[in-house]
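Visitor: need a structure here:
(one chain, ligands or ions: 1)
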Amino acid sequence: MKFTVLTLFPELIEGAMNTSICGRAISKGVLELKTCDIRDYTENKNRRVDDYPYGGGAGMLMQAQPVYDAYAAMAAESLASGKKPRTVFLTPAGKVFDQAKAEELAKEDEIIFLCGHYEGIDERVIEEIVTDEISIGDYVLTGGELASLVVMDAVARMVPGVLGNETSAGTESFTDGLLEYPQYTRPDEWHGKKVPEVLLSGHHANIEKWRKEQSLQRTRERRPDLLEKFSDQ
Ligand code: 6GU
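Guide: Numbers count the residues shown, from 1 in each chain. Modelled structure (predicted):
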């Protein structure tokens, strides 16, 4: 899987992605990361990439030209071979990201991420290059970078070879539509709190039953909306 990120803050993307599990996957060659500083493509003599919105209003917009030229440079190979690469624009106006979207995107060979700043990006370049507009939730960030990192992390862990043996993509929250059950490690008593007896019993069927009940109870209490979604299936 190749991720290409168009951004004004490439060092933020590189720093986060070259850490932990994604960093190891990049070192192994299972993931490839390329960042592109949109500012390198501006034709403005003062290296500006933003301007005032037509019709007035607060804030500045990123202009179409530097964004398009950065995209054209990064997508050149794909476009030459007749393919338009999957291009994700991170925006609070996008469709809300979920596990199903992560799994869908993980099937691609290459994804380009476009991170906006200021009040947004000229709509004409979005129309021309973007295939998917994604939000990571109902709150506003200062830019698309952190959102792109969230999406890349969730997609990366679904790519075969990214997770080592110590973790599996199968058993965490959302893979079966329920929240994860509580977990415990040594010691078996800490601050006067004991690990639930069933987990020490070695009785695998009882353990599985307990975990399923805990998952259901947590989901009922914390995310009843998920239970409705789950029962529709
Ligand atoms: Cl994708 N971008 C920004 N700027 N804010 C957000 C977001 C994205 N998703 C939620 N809030």
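Visitor: need the contact list for the residue nearest the centre of the chain.
Guide: By Cα atoms, centre = their mean, the chain has its centre lying nearest to Val151, at 0.7 Å. Contact analysis of Val151 by Cβ atoms under 8 Å, 6 or more residues apart in numbering lists 88, 90, 97, 102, 105, 113, 134, 136. Every residue, glycine included, has its C-beta placed from N, CA and C.
Visitor: And those residues, which of them are buried?
Guide: The neighbour-count test (16 or more other Cβ atoms under 10 Å) marks 88, 90, 97, 102, 105, 113, 134, 136 as buried among these.
Visitor: Once you drop chain neighbours, what's closest to Lys34?
Guide: What sits nearest to Lys34 in space, not counting adjacent residues and going by Cβ to Cβ, 6 or more residues apart in numbering, is Thr4, at 4.6 Å.
Visitor: phi, psi of that neighbour?
Guide: Phi and psi for Thr4, reported as degrees, to the nearest 10, are phi -120, psi 130.
Visitor: need the longest strand for this structure.
Guide: Assignment by DSSP state E gives strand 86-96 as the longest strand of the chain.
Visitor: what about the closest residue to Glu108 other than its chain neighbours, how many residues close to it?
Guide: Among residues not flanking Glu108 along the chain, Arg86 sits closest, at 5.0 Å (Cβ to Cβ, 6+ apart). When neighbours are counted by other Cβ atoms under 10 Å, Arg86 registers 18.
Visitor: circling back to that earlier point, buried residues in the longest strand of the chain?
Guide: Result for strand 86-96 [16+ other Cβ under 10 Å]: buried residues 86-92, 94.
Visitor: which residues of the chain fall in helices?
Guide: Along the chain, counting by DSSP state H, helices occupy 10-17, 20-28, 64-80, 99-105, 123-129, 145-156, 204-222, 224-232.
Visitor: Figure out which of the ones you listed is closest to Cys36.
Guide: helix 64-80 (5.1 Å; Cβ to Cβ).
Visitor: For the residue nearest to Glu108, give me its contacts.
Guide: Arg86 makes contacts with 105, 108, 110-112, 131-132, as judged by Cβ under 8 Å, 6+ apart.
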